[in-house]
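> Please find the sequence and the predicted model below.
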Amino acid sequence: MTSQKVKKENLPAIEQLLSQHGIFKSINKKDLEKFLCSCEIKLLEGGEELIKPDDVVENLYIILQGRIRLYSNATEIFADLSKGEF
């Protein structure tokens with residue numbers, strides 16, 4: 001997994017994606033840009049884990065591209081998330 005800061009040229013596409021969700025709809029453009037500039041983008045390869053079973057999660061993850069599968073245990077699928085979901 002690699003991480004990178006949100007680039008200014010990516011802001012419009014990410015803002016458009018987030019503006020579709022109620023939690024972000026009421027945030028004005030300037031504040032949303034400030035928020036996004038403090039975020040990191042995590043890049044994962046197929047099959048790579050974002051969160052391990054014993055990890056304490058203190059972050060919000062929003063799928064910008066592709067999809068991710070969440071498991072409730074080692075074999076049971078809890079959810080499949082794709083672009084725009086968190």
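That came through, no problem.

> all contacts plus neighbour counts: C-alpha atoms, from now on.
Will do.

> Pretty sure Asp80 sits against Ile68.
Yes - using CA atoms under 8 Å, Asp80 is in contact with Ile68, at 5.9 Å.

> Show me which of the two is the more surrounded one.
A count of neighbours by other CA atoms under 10 Å puts Ile68 above the other of Asp80 and Ile68, at 19 against 11.

> tell me the SS of that one?
strand (DSSP: H, G, I helix; E, B strand; the rest coil).

> Can you tell me, leaving aside adjacent residues, what's nearest to Asn73?
Of all residues not flanking Asn73 in the chain, Pro53 sits nearest, at 7.9 Å (CA to CA, 6 or more residues apart in numbering).

> And that neighbour, how close does it get to Lys5?
Note on Pro53: its distance to Lys5, by CA to CA, to the nearest Å, is 26 Å.

> Same question for Leu43.
Counting by CA to CA - Leu43 and Lys5 are separated by 11 Å.

> cool, Phe35 as well?
Using CA to CA, we find Phe35 at a distance of 12 Å from Lys5.

> where do the strands sit along this protein?
With DSSP state E as the criterion, the chain has strands at 2-5, 40-43, 67-71, 77-82.

> Which strands or helices does the longest one pack on?
In this case it means strand 77-82. Judged by 3 or more CA pairs under 8 Å, 6 or more residues apart in numbering; DSSP states H and E, strand 77-82 is in contact with strand 67-71.

> Thanks a lot, see you next time.
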